[in-house]
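> Fold the stuff below for me.
(one chain, ligands or ions: 1)
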Amino acid sequence: MAGQINGLAVQDVSRHFSGVTAVDCVSLALEPGETLALVGPNGAGKSTLIQLISGVDRISSGRIFLNGRRIDRLPPERIARLGVGRSFQTSRVFPALSVWDSVMLGTQANLLSGGHGKILANAAHEVLATMFNTSGWRHRIERQEAIARETLQLFGDRLWPRKDQPAFSLSYANRRRLEIARVLAGQPDFLLLDEPAAGMNPTETGELTELLLALRRMRPNLGILVVEHKLSLVRRVADRVIVLNQGRVLAQGDPDHALDHPEVVEAYLGRQRRRPNSSDAHLG
Ligand SMILES: Nc1ncnc2c1ncn2[C@@H]1O[C@H](COP(=O)(O)OP(=O)(O)OP(=O)(O)O)[C@@H](O)[C@H]1O
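Now for the predicted structure:
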């Protein structure tokens, strides 16, 4: 997998905390344009894996590659600039910033990254360009605004009509949407979503499912890794599913195959022994 030039590759990765093996020799690959869902009972190691890929936490052993380049020793901001955007399990928005400013801030991840045809910003240049209001600077702001507008409009009438409101005044579901919007505004090549539907009601979960499907159509090269307990969403958006249990890969394959595997049914539902279909009970 190390030689895989396009994509994210996690190779034999483990993470031990004192006395706990949260991730136990896990390997997975995510290609551009693919949606991979990571599911499993509480404590299976899903969030830890996202922390490790995004560089927020450090692996104990193994290797992680992005487009053939080793990234597991890089700081999180560097990994983000290389094109890996992530959301957190508990949404992290800047409460006092407006919806618009939050998403404009998100566009900076793109501008600072360079490469892929993106603009490389530099601090001294930024100050001078702002002071003299150069045409290049104005052009860049216009581009950022276009990206922010397009990103907010992905969320229908949920965020756009509230673009001037501070984040703290938004509903819980809208704060979660705003966090995803901010990450998307950075135009990542790979998007890591940690339980994006947590706390959402069935209607909101359905809307988020449609959003992810629309995103796949609009950004066909975007690779998405989504950790999610809501299997109705997983079954609709994922090309492939990896089931983790106690830090290890228990099953993988297309959603129906992986989720209906008898050991997965057992791990999720224990003695109830029924198919984990579109039920969105918090499994674990
Ligand atoms: N910083 C930490 N220190 C000690 N143990 C940790 C730490 N982070 C995670 N763990 C442990 O690692 C295991 C995996 O946790 P993780 O949060 O990755 O599971 P998860 O699959 O995301 O669960 P959930 O679905 O409940 O979010 C758990 O036993 C957890 O208690």
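
> domain parsing for this protein?
1-83+190-199+223-273, 93-187 (the TED database).

> Is any residue of the longest one near the ligand?
Yes. For domain 1-83+190-199+223-273, a contact with the ligand is found by C-beta under 6 Å from any ligand atom, at Phe17, Val20, Ala22, Gly40, Asn42, Gly43, Ala44, Gly45, Lys46, Ser47, Thr48. Placement of C-beta: from N, CA and C, glycine included.

> Just name the most buried of the domains of the chain.
Of all the domains of the chain, domain 1-83+190-199+223-273 carries the top mean neighbour count, a mean of 19, counting by mean count of other C-beta atoms under 10 Å.

> per-residue confidence averaged over it?
The average pLDDT within domain 1-83+190-199+223-273 is 91.

> roughly how far out does that domain sit from the chain middle?
With C-alpha atoms, centre = their mean, to the nearest Å as the basis, domain 1-83+190-199+223-273 stands 11 Å off its chain's centre.

> Output stretch 85-99 as CSV - backbone C-alpha positions only.
Taking C-alpha atoms only, stretch 85-99 is exported to CSV below (Å, rounded to 0.1, in the frame of the first residue of the first chain):
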residue,chain,number,x,y,z
GLY,A,85,-9.9,18.0,6.2
ARG,A,86,-11.7,16.7,9.2
SER,A,87,-14.7,17.3,11.4
PHE,A,88,-14.8,16.4,15.1
GLN,A,89,-17.2,14.2,17.0
THR,A,90,-18.3,17.2,19.1
SER,A,91,-18.6,20.1,16.7
ARG,A,92,-16.0,22.8,17.0
VAL,A,93,-17.2,26.1,15.7
PHE,A,94,-16.0,29.6,16.7
PRO,A,95,-19.0,30.8,18.7
ALA,A,96,-18.6,34.5,18.0
LEU,A,97,-17.8,34.3,14.3
SER,A,98,-20.7,34.6,11.8
VAL,A,99,-21.6,31.7,9.6
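
> circling back to that earlier point, quick check, nearest of the residues of domain 1-83+190-199+223-273 next to the ligand to His139?
For these, the residue nearest His139 by C-beta to C-beta is Ser47; the value is 39.6 Å.

> wouldn't that closest one be in contact with Val227 here?
Yes. Counting by C-beta atoms under 8 Å, Ser47 does reach Val227; the two are 6.5 Å apart.

> quick one on the thing from earlier: just the residues of domain 1-83+190-199+223-273 next to the ligand: which are in helices?
If you go by DSSP state H, these have Lys46, Ser47, Thr48 in helices.

> residues contacting the nearest residue to the first one once chain neighbours are set aside?
On the basis of C-beta to C-beta, 6 or more residues apart in numbering, the spatially nearest residue to Lys46 that is not a chain neighbour turns out to be Val227, at 4.4 Å. Contacts were defined as C-beta atoms under 8 Å, 6 or more residues apart in numbering; by that measure Val227 touches Ala37, Leu38, Val39, Lys46, Ser47, Leu49, Ile50, Gln89, Leu193, Asp194, Glu195.

> For Ala181, see how far away Val227 is.
Applying C-beta to C-beta, to the nearest Å, the value for Val227 to Ala181 is 19 Å.

> ditto for Pro220
19 Å.

> for Asp24, same thing?
On the measure of C-beta to C-beta, Asp24 and Ala181 end up 34 Å apart.

> now Leu244
Counting by C-beta to C-beta, the gap from Leu244 to Ala181 is 28 Å.

> can you check Leu52 too?
Taking C-beta to C-beta, one finds Leu52 at 25 Å from Ala181.

> just Phe94 next, same as before
13 Å.

> Which neighbours do the two have in common?
Common neighbours of Phe94 and Ala181 (C-beta under 8 Å, 6+ apart) are Ser102.

> Noted, bye for now.
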